[in-house]
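Chemist: model this:
(chains A and B)
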Number of protein chains: 2
Amino acid sequence: MDKISHDTLLKQLNWRYAVKKFDPSRKIAAKDWELLEESLRLAPSSYGLQPWRFVVVQSPDLRKKLTPVSWGQQQVEGSSHFVVFTHLKSLDEAYVERYIKEIATQRGIGVANLKGFHDAIVGDVVKGPRAAIAAQWTARQAYIAMGSLMTVAALLHIDACPMEGLDPVQYDQILNLAKTPYTTVAAVALGYRAADDELQHAKKVRFAKKDVIHYV
Amino acid sequence: MDKISHDTLLKQLNWRYAVKKFDPSRKIAAKDWELLEESLRLAPSSYGLQPWRFVVVQSPDLRKKLTPVSWGQQQVEGSSHFVVFTHLKSLDEAYVERYIKEIATQRGIGVANLKGFHDAIVGDVVKGPRAAIAAQWTARQAYIAMGSLMTVAALLHIDACPMEGLDPVQYDQILNLAKTPYTTVAAVALGYRAADDELQHAKKVRFAKKDVIHYV
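Modeler: Model prediction:
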């Protein structure tokens, strides 16, 4: 069994920090990037609905336009890869049906076998209690993917900086999302820390275990 | 460098699924559980604010009470460990000051050196644009920790089931959260899949890469 050691996991969870300055000369290798993308694609979501789209901004011109609407943070242009996390603005039956069809096709079963599952989803997030907060709910799902991405990156010794300090409306405009069902919620810059990014030497600050983990 | 292989990472990301039925006889070892708790404590959050509390429900009586308000899902009682994700209902200056003091103490610097950081946080999430959606924002942060927890669990060959199908109001009541600054948003059951949990044999369904990852 290829179990990963506790020491390695703990070391890498402690190694990561939100990088302020990336080394502009170091790019993430194609093979590593492919795995990071898979970690996004395979991320868990409620019902497995994947109500997200990850926009990888490669164009230097677009990155330049995003900087001023990201509080001027240099990670937008300075990182190797820059991913914008977008999520569905609303959930409709058509989307659920597309998902159900995907399950039926991939598992080689009939759509009729999935009627119960279909109805449960629609009855919850399309017509039920979560319909009114659908956009909030899909945004949260994107954060699961973000958490998974940052953890997998750390295990690959790849640095990241999650960024919420950005203007989603401006992002949507620059990335041409208005006519899509998706809207921006956050971004993650990835690459390798610059040797002179001072924060890498600062102690990671977390509240004591007793303050964040309670037993009942 | 103790880099984890791509194959191992990919295999474990594919291995995980939302377990419906846990093996009641298998418990997570103390050493593994400790690491999972650390993955929660070390999880990234915006500004490092950690606006969360993870409630580990050990009491069989409490788990029994939570089952009916969790759509009757058997994972609540059947899992080895059951963690409720709670987040701050609002953010106030006192909380930010507590955090700033923690940084100053742990890094051995003066609070005055952190004034800029303090003001940036307060100006954003306490008095600024995010204040109005503080509870939504803190809930999202909890999902980062959830994503990290599920990924670390998978790497340890430990199963999990993220659960949003629960009544947060009832959870808050049963867990006595009303008089705390925290409120329930979701839960994660952890343990080991039962041999007869059929879903472990079903193909993991994800949309094609081109549908979820866009390049611009």
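
Chemist: from the contact counts, what lies against the one helix or strand residue A:188 maps to?
Modeler: With secondary structure defined by DSSP states H and E, residue A:188 is part of strand A:182-191. With contacts defined as 3 or more C-beta pairs under 8 Å, 6 or more residues apart in numbering or on different chains; DSSP states H and E, strand A:182-191 has these neighbours: helix A:75-78, strand A:81-88, helix A:134-155, strand A:159-163, helix A:168-174. Just so you know, the C-beta spots here come from the backbone N, C-alpha and C atoms, and that holds for glycine as well.

Chemist: return the nearest residue of chain A with respect to chain B.
Modeler: Nearest residue of chain A to chain B (C-beta to the nearest C-beta) works out as residue A:147 at 2.5 Å.

Chemist: got the contact list for that residue?
Modeler: The contact partners of residue A:147, by C-beta atoms under 8 Å, 6 or more residues apart in numbering or on different chains, come to B:43, B:44, B:143, B:144, B:145, B:146, B:147, B:148, B:149, B:151.

Chemist: pipe those into a markdown table and attach pLDDT per row.
Modeler: A markdown table is the format used below for those (pLDDT from 0 to 100):
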| residue | pLDDT |
| --- | --- |
| B:43 | 98 |
| B:44 | 97 |
| B:143 | 98 |
| B:144 | 98 |
| B:145 | 98 |
| B:146 | 98 |
| B:147 | 97 |
| B:148 | 97 |
| B:149 | 98 |
| B:151 | 97 |
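
Chemist: okay, and for chain A, where does confidence drop off?
Modeler: Low-confidence segments of chain A, defined by pLDDT under 70, span residues A:1-3.

Chemist: what sits against the residue positioned nearest the centre of chain A?
Modeler: For chain A, the residue nearest the mean C-alpha position is residue A:146 (3.1 Å; C-alpha atoms, centre = their mean). Residue A:146 is in contact with A:85, A:162, A:186, A:188, B:143, B:144, B:147, counting by C-beta under 8 Å, 6+ apart.

Chemist: rebuild those residues as TSV, extending it with distance to residue A:210.
Modeler: Shown next, in TSV, are these (distance: C-beta to C-beta, whole Å):
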residue	distance to residue A:210
A:85	32
A:162	26
A:186	30
A:188	30
B:143	23
B:144	21
B:147	24
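
Chemist: most neighbours, which of those residues?
Modeler: residue B:147 (29 neighbours; other C-beta atoms under 10 Å in any protein chain shown).

Chemist: in space, what's closest to that residue - neighbours in sequence excluded?
Modeler: Spatial nearest neighbour of residue B:147, excluding adjacent residues (C-beta to C-beta, 6 or more residues apart in numbering or on different chains): residue A:147 at 2.5 Å.

Chemist: what's the distance between that neighbour and residue A:43?
Modeler: When C-beta to C-beta, to the nearest Å is the yardstick, residue A:147 and residue A:43 sit 8 Å from each other.

Chemist: by contact count, what packs against the next helix or strand after the strand holding residue A:188?
Modeler: Next helix or strand after strand A:182-191 toward the C-terminus (DSSP H and E): helix A:209-212. Counting contacts by 3+ C-beta pairs under 8 Å, 6+ apart, helix A:209-212 is packed against helix B:30-41, strand B:52-56.

Chemist: residues contacting residue A:148?
Modeler: With contacts defined as C-beta under 8 Å, 6+ apart, the neighbours of residue A:148 are A:39, A:40, A:43, A:44, B:147, B:148, B:150, B:151.

Chemist: export these to CSV and tack on distance to residue B:75?
Modeler: As requested, those are exported to CSV (distance: C-beta to C-beta, whole Å):
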residue, distance to residue B:75
A:39, 24
A:40, 25
A:43, 20
A:44, 14
B:147, 18
B:148, 20
B:150, 14
B:151, 19
